[in-house]
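Novice: sequence plus the predicted model coming up.
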Amino acid sequence: MLWLFCLTLILVPARGYSAGEPTNAKEAAAQKAEKAKKDALTNKKFAEWKAGLPKRQQQWETTLEENLGGFYLPIYKRAKVKNKPTAWDYVEDDPALPRVLLIGDSVSRGYTEATRRALAGKANLHRAPENCGPTATALKKLDVWLGEGDWDVIHFNFGIHDRRTPVTDYEQRLRTLIKRLKARGKVLIWASTTPIPEDWQEGAKATKAVEEHNAVAAKVMKSEGIVTDDLYALILPRLAELQNAKDVHFKGEGYEVLGTQVAKSILAQLPKQSKLVYKDAKKQRYHLSARASKLDSRTKEYPEIGFVFGNDKKPQDLQNAMVDTSIAPRGKLVIWMMGHNSRLFERLADYGLHAVQIAYAKQWFGKVCLEKPVGEHCRGNVRIEAATGEDFSKDVAIAKPDGMMERARQFVTWLAKENPQGGWDYFLTADGKDLRWQDVIMAGSSHGSTTSARFAKYKKVSRVVMLCGPRDQHQVWQKLPSATPENRYFGFSHVLDGGWTGDHYCRSWELIGMNKFGPIVNVDQSKPPFENSRRLITDFDVKGNVRRAHSSVQPGGSAWKDEKGNFVHEAVWQYLFTHPVDQVGKATPLDPHCDKE
């Protein structure tokens, strides 16, 4: 018994230690010294490796050293001195491929390499130089993560590290970050946060927190017009199989599944071809038309707001398109939000633009929002519902197939099949489920220019051209944060137009922020590029005819012509649709005499 007791005394203390763990202070000090020696050797080898790199890659490595922190930096250095690939590897861009950026936490880091492999030869996939953590960190460091240049796609997530962030703060921070991301990314893709298992160290409370934050993010992304890559729904049914036990991270197979899906979501937003090139043996101008009701059997009529099909003799849902394959393409699609204007379309084709006119709900204007005073959101909400087919307004109920977005997609899809010479498929996402809005120019006159501007607040587009508009006095949508950068809005009005004399246009222009990019310029007293301004006016003689003034700023019978019958404002129209958006005029203060109530 004494022997057994002694054996017990010997074995029991050993239970508190694992193999290699020090048992006393001397061993601990020795292990610490050995680790320091290894780290010093790794640092030396890393520095030698870095010194032999090209300058741009050295700059990237310095950025990583400044941002990866005490946990990830040593891991990264050990990998590089062993010539192993990592999520943070330097990417030398292939200029023929789109640039894509991943922003996210350690789960995002885990699927980065799988995503990069799936996108090889299709996109340049970069990763933010940090384990990005919560929204609070993002607000401070987003500029570092975005680096230099713009991005074709930014795929981003903030979630697990925000599980303790109050949902109201989380929503506000997301909206602030989205505004900054939209300024640098043509397309944003939100990744929903992957699940936290209930047996993790924080228990069911953390599991529920992720679900709640995902719900808030889904609401934000819908209102911001951002595509969601639902990684939560993807991985949830296979969580036990693919996630590490009692952990938020995943096994190798799990990261492969996530990475494959992330790559798929990115590819879906990229053009089928990196550059628009016509394949037309007989280069020429094409004018095509089709009725919306014939292209999509889901469309329907809304007689209560005058939105109907008409008949074969007098169709009211006829849509028109034009492209000229003999002219070098600019790779931009103009969506015209008013009745077809053949003279305008001819000019757009001359500029190398593709153009379509869409039959969408615009007859509602004299049928709803008639109360006085009208609600400050009423008209803006109807406009965005007419554009999207989403439920924004209590005054109309327009289904998705009848929104401008879906009708435009259906029309362009038809054009791609009917007129492949015109390269229309360039404007469709790779999966064909949407238009690539980053290369769309929204344009219209009067009512149509107003809806174009409202839509551009919701969806980031290449440019907005507003002829005799926007209207909507006493509405507040003009003050909303804009998905489309403010320097991409262009306006043109006659000074006798009732919308101008009534301060409708000056108000909308200033609330949108166009005064930041130049003064109001009279094009009849100036030459291109009109001080690089976004706010153009004309005062040519219309004999006091207010109605003519309203329609005089687009090609047509009311426009100004010289003695030979040539349009005087040709240079203005070309400027509006083609002037480089990054060339801007000097900011001017708000006009105290313009009624902005």
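Specialist: That came through, no problem. Numbers count the residues shown, from 1 in each chain.
Novice: tell me where the stretch 401-550 of the chain has helices.
Specialist: Assigned helices in the stretch 401-550 of the chain, in chain order: 404-418, 447-458, 498-501, 504-512, 546-551 (criterion: DSSP state H, counting those that start in this stretch).
Novice: skipping adjacent residues, who's closest to residue 456 in space?
Specialist: In this structure, residue 456 finds its nearest non-sequential neighbour in residue 484, 4.1 Å apart by Cβ to Cβ, 6 or more residues apart in numbering. For every residue, glycine as well, the C-beta is placed using N, CA and C.
Novice: local confidence estimate at that neighbour?
Specialist: Looking at residue 484, its pLDDT is 92.
Novice: dump the helices of the stretch 401-550 of the chain to a markdown table, plus mean pLDDT.
Specialist: Formatted as a markdown table, the helices of the stretch 401-550 of the chain follow (pLDDT from 0 to 100):
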| stretch | mean pLDDT |
| --- | --- |
| helix 404-418 | 98 |
| helix 447-458 | 96 |
| helix 498-501 | 95 |
| helix 504-512 | 95 |
| helix 546-551 | 97 |
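Novice: which of these sits most buried?
Specialist: helix 447-458 (a mean of 26; mean count of other Cβ atoms under 10 Å).
Novice: what's that helix packed up against?
Specialist: Judged by 3 or more Cβ pairs under 8 Å, 6 or more residues apart in numbering; DSSP states H and E, the packing partners of helix 447-458 are helix 378-388, strand 440-445, strand 463-467, strand 489-494, helix 504-512.
Novice: how far off helix 404-418 does the longest one point, in degrees?
Specialist: Using axes from the mean of the first three to the mean of the last three Cα atoms, to 10 degrees, the direction of helix 378-388 lies 20 degrees away from that of helix 404-418.
Novice: just the CA coordinates of helix 378-388, formatted as PDB?
Specialist: Only the C-alpha atoms of helix 378-388 are listed here, as PDB (Å, rounded to 0.1, in the frame of the first residue of the first chain):
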ATOM      1  CA  CYS A 378     -44.300  59.900 -51.200                       C
ATOM      2  CA  ARG A 379     -43.000  60.600 -54.700                       C
ATOM      3  CA  GLY A 380     -39.500  59.300 -54.000                       C
ATOM      4  CA  ASN A 381     -40.800  56.000 -52.700                       C
ATOM      5  CA  VAL A 382     -43.000  55.600 -55.800                       C
ATOM      6  CA  ARG A 383     -40.100  56.300 -58.100                       C
ATOM      7  CA  ILE A 384     -37.800  53.800 -56.500                       C
ATOM      8  CA  GLU A 385     -40.600  51.100 -56.500                       C
ATOM      9  CA  ALA A 386     -41.200  51.800 -60.200                       C
ATOM     10  CA  ALA A 387     -37.500  51.400 -60.900                       C
ATOM     11  CA  THR A 388     -36.900  48.300 -58.800                       C
END
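Novice: and it, what other elements does it pack with?
Specialist: With contacts taken as 3+ Cβ pairs under 8 Å, 6+ apart, helix 378-388 sits against helix 404-418, helix 447-458.
Novice: hmm, the residue nearest to residue 456 is touching residue 465, no?
Specialist: No: applying Cβ atoms under 8 Å as the test, residue 484 and residue 465 come out as separate, 12.0 Å apart.
Novice: if we can go back for a sec, a markdown table please, covering the helices and strands packed on helix 447-458 and showing distance to residue 315.
Specialist: Output for the helices and strands packed on helix 447-458, formatted as a markdown table (distance: least, Cβ to Cβ, whole Å):
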| stretch | distance to residue 315 |
| --- | --- |
| helix 378-388 | 19 |
| strand 440-445 | 20 |
| strand 463-467 | 25 |
| strand 489-494 | 30 |
| helix 504-512 | 32 |
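Novice: what count of nearby residues applies to residue 96?
Specialist: Other residues near residue 96 come to 9 when the count uses other Cβ atoms under 10 Å.
Novice: how about residue 71: what's its closest non-neighbour residue?
Specialist: residue 131 (7.9 Å).
Novice: cool, residue 597 as well?
Specialist: residue 474 (6.8 Å).
Novice: what about the stretch 1-150 of the chain, any weak spots by pLDDT?
Specialist: For the stretch 1-150 of the chain, residues meeting the criterion pLDDT under 70 lie at 1-22, 27.
Novice: please redo it, this time with the cut-off set to 80
Specialist: 1-33 (pLDDT under 80).
Novice: ranges for the strands of it?
Specialist: Secondary structure of the stretch 1-150 of the chain, counting by DSSP state E, counting those that start in this stretch: strands at 99-103, 124-127.
Novice: and for the first one, what's in contact with it?
Specialist: It stands for strand 99-103. Strand 99-103 is contacted from outside by 93, 108, 112, 115, 119, 123-128, 132, 138, 145-147, 149-157, 185, 262, 266, using Cβ atoms under 8 Å, 6 or more residues apart in numbering.
Novice: give me the buried subset of these.
Specialist: The neighbour count (16 or more other Cβ atoms under 10 Å) marks 108, 112, 115, 119, 123-128, 132, 138, 145-147, 151-157, 185, 262, 266 as buried among the contacts of strand 99-103.
Novice: could you say which helix or strand holds the residue most central in space within the chain?
Specialist: Nearest to the mean C-alpha position of the chain, counting by Cα atoms, centre = their mean, stands residue 187 at 3.3 Å. Residue 187 is part of strand 185-191 when elements are defined by DSSP states H and E.
Novice: helices or strands next to the helix or strand that that strand is followed by in the packing?
Specialist: Reading on from strand 185-191 to the C-terminus, the next helix or strand found by DSSP H and E is helix 204-224. With contacts taken as 3+ Cβ pairs under 8 Å, 6+ apart, helix 204-224 sits against helix 167-182, strand 185-191, strand 227-229.
Novice: mind putting the ones you listed in TSV, distance to residue 271 and mean pLDDT included?
Specialist: What follows is these, written out as TSV (distance: least, Cβ to Cβ, whole Å; pLDDT from 0 to 100):
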stretch	distance to residue 271	mean pLDDT
helix 167-182	19	96
strand 185-191	11	95
strand 227-229	15	95
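Novice: tell me which of those sits nearest to residue 89.
Specialist: Ranking the helices and strands packed on helix 204-224 by proximity to residue 89 (Cβ to Cβ) places strand 185-191 first, at 20.6 Å.
Novice: show me what that closest one pairs with in its sheet, parallel or antiparallel.
Specialist: Looking at strand 185-191 with DSSP bridges, its partner strands are strand 151-156 (parallel), strand 227-229 (parallel).
Novice: count of neighbours near the residue nearest to residue 72 when sequence neighbours are not counted?
Specialist: Nearest residue to residue 72 in three dimensions, chain neighbours excluded: residue 131, at 5.7 Å (Cβ to Cβ, 6+ apart). Residue 131: 20 surrounding residues under other Cβ under 10 Å.
Novice: quick revisit: I'd like the strands of the stretch 1-150 of the chain as a markdown table, with distance to residue 292 appended.
Specialist: Output for the strands of the stretch 1-150 of the chain, formatted as a markdown table (distance: least, Cβ to Cβ, whole Å):
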| stretch | distance to residue 292 |
| --- | --- |
| strand 99-103 | 34 |
| strand 124-127 | 38 |
